[in-house]
Structures are given as C-alpha cells and as structure tokens.
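>>> Okay, sequence plus prediction incoming.
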Amino acid sequence: MPEQRTSRGTLVIDTEKCKGCELCVAACPPNVLEMSTAVNDMGYRYPELNPGCTGCTACQMVCPDFVFAVYRLTG
C-alpha cells in the first residue's frame, strides 16, 4: 500500500520566470511536478503542479530562478 502523505501547504509557480532546467521535477518527493508541453514567453517549458503537493519546499530550495512561492497551511 502506498504511503499516504499529508499536505502541509501548496505552491504557486511563476511560469514566466522559469528557464526549464527541470531541477524541481527531480527534487519533488511526492512526484507531483511535471514539465509542461507549452512554453513561456522566453520559449522554455515550465513545471506544472499536479494534485498531491505536501508543501515540503524541495522545489523552492533547488530552483535557480526562484519561480516557486510555497504557502504553508495553518491550523
């Protein structure tokens, strides 16, 4: 049976700042990030968030372009 992960937050992705390095996809423990097929105004594919984000901040910590804003849930 797969491990159940509890969401502690969610994130917002600034897709226009992304340069498509894909470091976030590799760093994501719950594997909920995937690269888009669309491109931003600079011509780069960007990460898209699927359900299941735990708010762990791994993507934010590895991103050289600071495209992630992680918001923690309270209560």
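Thanks, I have the structure now.

>>> And the helices in this protein?
23-27, 58-62 (DSSP state H).

>>> now those helices in JSON lines, with mean pLDDT and mean neighbour count?
For every residue, glycine as well, the C-beta is placed using N, CA and C. Shown next, in JSON lines, are these (pLDDT from 0 to 100; neighbours: other Cβ atoms under 10 Å):
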{"stretch": "helix 23-27", "mean pLDDT": "98", "mean neighbour count": "17"}
{"stretch": "helix 58-62", "mean pLDDT": "97", "mean neighbour count": "17"}
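
>>> Among those helices, which comes closest to residue 40?
Shortest distance between residue 40 and these, using Cβ to Cβ, is found for helix 23-27: 14.5 Å.

>>> for that closest one, the distance to its chain's centre please.
Average the C-alpha atoms of helix 23-27, do the same for its chain, and the two points are 8 Å apart (Cα atoms, centre = their mean, to the nearest Å).

>>> now for that helix, which elements pack on it?
The contact analysis (3 or more Cβ pairs under 8 Å, 6 or more residues apart in numbering; DSSP states H and E) places helix 23-27 against strand 33-39, helix 58-62.
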